[in-house]
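Asks: Predicted model, plus sequence, below.
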Amino acid sequence: YSFCTLLEEGGPLLDRQMARKAAPAFELSLGNVILEGLADIGCYDGANPSLTCATSGGKVFVHSPHERNMPEAETKGPETKAVKYLNINRQVTALKAGRFNAAGNEDTLLVGTQTNLLAYNVEANSDLFYKEVQDGINTMTFGKVGTIDTPLAVVGGNCSIQGFDKDGQELYWTVTGDNVTALSVMDTDGSGTNELLVGSEDYEIRIFKNEEVVTETTETDKVIALAPMHATRFGYALANGTIGVYDRHTRAWRFKSKHRVACISVHDLDSDGVVELITGWKSGKLEGRHDKSGEAIFRDAFPSSISSLVVADYRMDGRPCLVACSYEGLVRGYLPFDKVEDDTAEMDLHLQDQMREVMQMKQNLAVELKMFEENIEKHKKGEKDGGLVPEKTKVSCSLRPCRAQHCVELVIKTSTSGATLKMAIVTAEFLFGSNESHITYADPQNSSNTISVFFAPEKDVNTTLHIKAVVGSSMGNLFHVFELEFALPKFAMYVPIREAPSKPPEGLVTFVIPERVNRVAMWAQQSFNFTFTGSQNAFSAKFVSLRDQQVLMVDMNTEGGGKVEIAVKNMEVAGDIIQDLCQNLGIKELEATADFPSELDDFSKVLMKVDGYNAVRIQLTMEMADSSQLVKALVIRAEDARILSEMPLMRQHYGKLHELNSQLIGEYIKRANNHTELLTALREVNAMIQKAARLRMGAAKSRVISECREAIKSNNIPSLFRIIKLGQMKAQ
């Protein structure tokens, strides 16, 4: 290939497949700001759909175009006459409409704030429950989860997930690796029960079956949205502008844009019986993509950022429609395309574009073919051409640590000295930031048959490096492109060492697996990139981390049925190793004992902080309640003095009221800061439970989570530490 052809490669032809320009079935202007991701449609009276959105000022408004005898809002637009407001008086962070009673038709409005969950009966204008959620609410979904029969309002917050029934009782609780940013429920394995899809700030998409993680997939940025599609497929969106579809844990396709995603949903727009992935972008673009190929089939544009996408029969004509809401309050509804509808003009333009692309490809291939034919003729005649490389030239890759720079070096090398490497393009997830690619140029003054690419993964992840090596001769101006793939080991940042450290790592986890030593050795060679030579009865390996120089030791012997010991200071690293080992060997159940003194000491301090923050929170709440009563009394006294024309006394009362108001503002700031610190401490508590659970598999993993939760509720700190160490509250 020529050098120019290489630079033109790289993407699907492109996302120029025909995307139909959509015409909305209806359009409304509600005259209110609609906050991102905070809109849903519910039938609160059991019959009429109502669009519910969170707006600025801690308010929620409900647009009910089909209801009669509604009080008119004090606005001029005809659409806003059907709008009524609910004052939450706090920043709304999540909003959902759901039906707790399967036998009824009435939906319940669920509103989440930073500290509370409100279940509200819109029709009766009453609260069903008002629940304090200490871990906060970042996102929310509604539905049945696992083996729990009743529908739940599932909220995700500070490393934790909670599910509440119609009475506000907590029926579900589990922990995850980081702050929860996306939630959804669907049956991902065809078992007939719903699993919970969870996206978080640590770039992970996890699938929970009851309280246990059954699938964990690492993405390239924070997961901001998840949407169930059909069968086992679901869509996802990332903070860096990436959207895509997974089939269980296998990615079907993805598309990355320079714009940021605001929201996603699913709807069957082309009437083929299968839903498409609908994306709303912050640029105002709305598009739909095919679930299997990612081909764009639908598009429209809004004058402002799209805030939310919902699907419902909003016109009450028996046809569900896609309802798109913009930040400025513009609402459009889209009906599915008619199968027989065909825009001939757009189709002709599409065919013309395809013809131009095919002709351009034909011309490029003809030029390349001519060059190859010329080179072959010269080779047959024995003529030497500077553009030719030896016909047996191959390109190989190897990996070696670079301890001086605390990174890994990928060495790309040609098999013949006459072929020099000009540059290498390496594309991989998780290694090079949001660009996901890296170009390394050879020194033009010093031609060589090797080139090195340096990188340092921030996390231990499996990834495949897609490499394009540009090879030529020192005299030619034409280059050959070699394409190859290289599988990067998950723990590539750990370097084998020969001698044991003078002081072994203080953290230790011990477990027994019924496996042969050579299978564990094969796993280690695959995951750590080193060659093991030892006996069939024992395995021992020592590593040092290129990130922080921490030592890792893995030992196994056949005594005791296959006892394995992992010594490392960091509990999270031990959990990653155990999860990878169990996945590789197909181990479903695993008990383990662990002791990480330094982390448990830090955890003890965190628990003391939580107790202190809770005590301060209660004290500040009581003081603010007393001050609020005094405010009411002063307002009444000041108004009485004003009515009696006792102005000096009125000024005195209002002066005291001003001082008290300043004190209340100061107390509120203290309470807000205390709440922020409390959330940080609770996040560390939930993270510790997650790390302890990842040291086990199967029933033992679920037991650690549930028993830790009970110990925290009962404030039984000794039992909590026992569970973390032994995996259960009582020793067997």
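Replies: Sure thing, it's come through.
Asks: pull the helix or strand with minimum mean pLDDT from the protein.
Replies: None of the helices or strands of the chain scores lower by mean pLDDT, DSSP states H and E than helix 3-8, at a mean of 30.
Asks: Can you tell me the element residue 676 falls in?
Replies: Taking DSSP states H and E as the definition, one finds residue 676 inside helix 647-693.
Asks: what's the next secondary structure element after that helix?
Replies: Next along from helix 647-693, by DSSP H and E: helix 699-713.
Asks: for that next one, which positions count as buried?
Replies: 700, 701, 702, 703, 704, 705, 707, 708, 709, 711, 712 (16 or more other C-beta atoms under 10 Å). (C-beta placed from N, C-alpha, C; glycine too.)
Asks: which residues sit against the very next helix or strand once past that helix?
Replies: Proceeding N to C from helix 699-713, the next assigned helix or strand is helix 717-726, under DSSP H and E. Identification of contacts with helix 717-726 by C-beta atoms under 8 Å, 6 or more residues apart in numbering yields 593-595, 600, 603-604, 607, 688-689, 692, 704, 707-708, 711-712, 728-729, 731.
Asks: go on, stretch 581-600?
Replies: 506-513, 515, 519-520, 523, 526-527, 569-571, 574, 578, 688, 692, 695-700, 721, 724-727.
Asks: Which residues belonging to it are considered buried?
Replies: Residues 581, 582, 584, 587, 590, 591, 592, 594, 596, 599, 600 are the ones in stretch 581-600 that count as buried (16+ other C-beta under 10 Å).
Asks: Looking at those residues, which are in helices?
Replies: 581, 582, 584, 599, 600 (DSSP state H).
Asks: quick one: which helix or strand includes residue 277?
Replies: Assigned by DSSP H and E, residue 277 falls in strand 276-281.
Asks: Neighbouring strands - and their directions - for that strand?
Replies: strand 261-267 (antiparallel), strand 285-289 (antiparallel) (DSSP bridges).
Asks: I'd like the average pLDDT over that strand.
Replies: For strand 276-281, mean pLDDT rounds to 94.
Asks: What of stretch 483-493?
Replies: Mean per-residue pLDDT for stretch 483-493: 92.
Asks: And for stretch 664-683?
Replies: For stretch 664-683, the mean confidence score works out to 87.
Asks: Tell me the buried residues in that stretch?
Replies: Residues of stretch 664-683 classed as buried by neighbour count (16+ other C-beta under 10 Å): 664, 671, 674, 675, 677, 678, 679, 681, 682, 683.
Asks: Now do the strands in the stretch 351-500 of the chain.
Replies: Here the stretch 351-500 of the chain has its strands, by DSSP state E, counting those that start in this stretch, at 395-402, 407-414, 420-427, 437-441, 450-455, 463-472, 480-488, 494-496.
Asks: Turn the ones you listed into a markdown table, columns for mean neighbour count and distance to residue 229.
Replies: Formatted as a markdown table, these follow (neighbours: other C-beta atoms under 10 Å; distance: least, C-beta to C-beta, whole Å):
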| stretch | mean neighbour count | distance to residue 229 |
| --- | --- | --- |
| strand 395-402 | 16 | 37 |
| strand 407-414 | 19 | 37 |
| strand 420-427 | 20 | 27 |
| strand 437-441 | 14 | 29 |
| strand 450-455 | 17 | 34 |
| strand 463-472 | 20 | 25 |
| strand 480-488 | 16 | 29 |
| strand 494-496 | 21 | 38 |
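Asks: how about the ones you listed in a markdown table, adding distance to residue 352?
Replies: Formatted as a markdown table, the strands of the stretch 351-500 of the chain follow (distance: least, C-beta to C-beta, whole Å):
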| stretch | distance to residue 352 |
| --- | --- |
| strand 395-402 | 40 |
| strand 407-414 | 42 |
| strand 420-427 | 32 |
| strand 437-441 | 32 |
| strand 450-455 | 42 |
| strand 463-472 | 32 |
| strand 480-488 | 31 |
| strand 494-496 | 56 |
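Asks: if we can go back for a sec, the strands paired with strand 276-281 into TSV, with extra columns for mean neighbour count, mean pLDDT and distance to residue 183?
Replies: Below are these laid out as TSV (neighbours: other C-beta atoms under 10 Å; pLDDT from 0 to 100; distance: least, C-beta to C-beta, whole Å):
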stretch	mean neighbour count	mean pLDDT	distance to residue 183
strand 261-267	22	94	13
strand 285-289	23	92	22
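Asks: Out of the ones you listed, the one nearest residue 629 is which?
Replies: Shortest distance between residue 629 and the strands paired with strand 276-281, using C-beta to C-beta, is found for strand 261-267: 43.3 Å.
Asks: Can you tell me what sits against that closest one?
Replies: 36-37, 224-225, 227-229, 235-239, 241-243, 275-282, 288, 305-311, 320, 322, 336.
Asks: among the residues you listed, which ones are buried?
Replies: 36-37, 224-225, 227-229, 235-239, 241-243, 275-282, 288, 305-311, 322, 336.
Asks: Tell me the secondary structure at residue 145.
Replies: The three-state label given to residue 145 by DSSP: H, G, I helix; E, B strand; the rest coil is coil.
Asks: my guess is it meets residue 184, correct?
Replies: No - using C-beta atoms under 8 Å, residue 145 is not in contact with residue 184, being 10.8 Å away.
Asks: Show me the common contact partners of those two, please.
Replies: Common contacts of residue 145 and residue 184 (C-beta under 8 Å, 6+ apart): residue 196.
Asks: ranges for the helices of the protein?
Replies: Under DSSP H, the chain gives helices at 3-8, 344-381, 517-528, 571-585, 597-643, 647-693, 699-713, 717-726.
Asks: Out of those, flag the one nearest residue 427.
Replies: helix 3-8 (12.8 Å).
Asks: what sits against residue 485?
Replies: Contacts for residue 485 (C-beta under 8 Å, 6+ apart) come out as 464, 465, 466, 467.
Asks: that older thread, closest to residue 351 among the ones in helices among the buried residues of stretch 581-600?
Replies: residue 584 (49.8 Å).
Asks: The closest one and residue 188: what is the separation?
Replies: 22 Å (C-beta to C-beta, to the nearest Å).
Asks: what's the answer for residue 538, then?
Replies: Where residue 188 is concerned, residue 538 sits at a distance of 40 Å (C-beta to C-beta).
Asks: For the stretch 501-650 of the chain, give me the ranges with low pLDDT.
Replies: For the stretch 501-650 of the chain, applying pLDDT under 70 flags the ranges 534, 560.
Asks: switch the cut-off to 90
Replies: Where the stretch 501-650 of the chain drops to pLDDT under 90, the residues are 501-504, 514-522, 525-526, 529-540, 547-549, 557-562, 610-611, 613-634, 645.
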